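*Asks:* Structure here, sequence nowhere to be found:
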Ligand code: OAD
């Protein structure tokens, strides 16, 4: 821990010195289930990879819409935890040092104080059309007829959430900005991700190859532990405040 605090102190002296990559474990202590936690209740018999795919949505749009509606509601009820807040406070204290990249589709980093978080997997609160709209002017999802899912009165198109599903490309600008941050940083913290989903999982290796020190924060082993110089076995809400509020980092 002491060694990582020293690295953090050094990183605060450089623009872009710190990159943080987060995954679902970041929001676990805010009460949002991680992606690979077994689904519960109504959803227990489904595989999340099936629900979070275009194929799964098309197979049963009502089921897909209801799953995301429940997740939206969970996120609305959740609050940023001590880890999100520690990142927000660090960002205010050290302008220009932190680039925060998340795989999460919730808005807890933004509510925790990092408005410019790079979102690799989209935003659960955004609505999009399932098919590319060919009408001119384009139909507006805000005017969709309510339903599960809502649909377009003009062309029948269905609304879907603005998240990246399995098999879909990540938003190019976000991926590029995340790669730039990985190549530029002195220190990368990788918090609460299983490292199972690419290309996000590759950012740790990119940072390492470009000379950064990589530190993983996770209570359990991840698939990218071998990329790390240090592994801190603890939770996001426990470990991040200890690191980011340490003497010399907090001032
Ligand atoms: P996962 O659900 O795969 O992994 C969650 C990780 O968080 C695991 O490694 C846990 O050990 C760890 N964890 C659990 N509780 C924690 C805590 N309190 N503090 C820190 N770590 C904790 O989630 P991701 O790695 O984010 O993509 O999954 C990556 C992507 O897979 C998701 O963004 C999602 C999914 O497909 C899309 O929806 C496109």
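*Replies:* All right, it came through fine. The structure displayed is predicted, hence computed values, not measured ones.
*Asks:* Every contact and neighbour count from this point should use C-alpha atoms.
*Replies:* Noted.
*Asks:* does any bit of stretch 35-47 sit next to the ligand?
*Replies:* Yes - using C-alpha under 6 Å from any ligand atom, stretch 35-47 reaches the ligand at 35-36.
*Asks:* so how far does that stretch reach from one end to the other?
*Replies:* The first and last residues of stretch 35-47 sit 10 Å apart, counting by C-alpha to C-alpha, to the nearest Å.
*Asks:* pLDDT on that stretch, on average?
*Replies:* Averaging pLDDT along stretch 35-47 gives 75.
*Asks:* what does stretch 233-241 give?
*Replies:* 98.
*Asks:* quick check, it touching the ligand?
*Replies:* Yes - contact check for stretch 233-241 against the ligand, using C-alpha under 6 Å from any ligand atom: residues in range are 235-236.
*Asks:* Now that stretch: buried residues?
*Replies:* Neighbour counts over stretch 233-241 (16 or more other C-alpha atoms under 10 Å) mark 234-237, 239-241 as buried.
*Asks:* Report all helices and strands that the helix or strand that contains residue 75 contacts.
*Replies:* Element membership for residue 75 (DSSP states H and E) is helix 61-77. If you count contacts as 3 or more C-alpha pairs under 8 Å, 6 or more residues apart in numbering; DSSP states H and E, helix 61-77 packs onto helix 54-59, strand 122-129.
*Asks:* how does it look with 6 Å?
*Replies:* With contacts taken as 3 or more C-alpha pairs under 6 Å, 6 or more residues apart in numbering; DSSP states H and E, helix 61-77 sits against no other helix or strand.
*Asks:* Distance check, residue 136 against the ligand.
*Replies:* 30 Å (C-alpha to the nearest ligand atom, to the nearest Å).
*Asks:* and that residue, how many neighbours?
*Replies:* 6 (other C-alpha atoms under 10 Å).
*Asks:* and it, backbone torsions?
*Replies:* When read as degrees, to the nearest 10, the backbone of residue 136 gives phi -130, psi 120.
*Asks:* So which of the buried residues of stretch 233-241 are in helices?
*Replies:* Under the assignment DSSP state H, those contribute 236-237, 239-241 to helices.
*Asks:* possible to save these as CSV with distance to residue 14?
*Replies:* Formatted as CSV, these follow (distance: C-alpha to C-alpha, whole Å):
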residue, distance to residue 14
236, 24
237, 25
239, 23
240, 20
241, 21
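*Asks:* Need the pLDDT of residue 210.
*Replies:* Confidence score, pLDDT, at residue 210: 98.
*Asks:* Next, it: phi, psi?
*Replies:* Backbone dihedrals for residue 210, given as degrees, to the nearest 10, come out at phi -100, psi 20.
*Asks:* Was I right to think it contacts residue 183?
*Replies:* Yes - with contact defined as C-alpha atoms under 6 Å, residue 210 counts as touching residue 183 (5.5 Å).
*Asks:* Residue 230 reaches residue 215, doesn't it?
*Replies:* Yes - counting by C-alpha under 6 Å, residue 215 is a contact partner of residue 230 at 4.8 Å.
*Asks:* Am I right that residue 162 is in a strand?
*Replies:* Yes - checked against DSSP: H, G, I helix; E, B strand; the rest coil, residue 162 lies within a strand.
*Asks:* Now do the nearest residue to it once chain neighbours are set aside: how many residues are near it, please.
*Replies:* Leaving out its chain neighbours, the residue that sits closest to residue 162 by C-alpha to C-alpha, 6 or more residues apart in numbering is residue 126, at 4.9 Å. Counted with other C-alpha under 10 Å, residues neighbouring residue 126 total 13.
*Asks:* just residue 94 next, same as before
*Replies:* When neighbours are counted by other C-alpha under 10 Å, residue 94 comes out with 16.
*Asks:* Residue 60 now?
*Replies:* Count around residue 60 with other C-alpha under 10 Å applied: 11.
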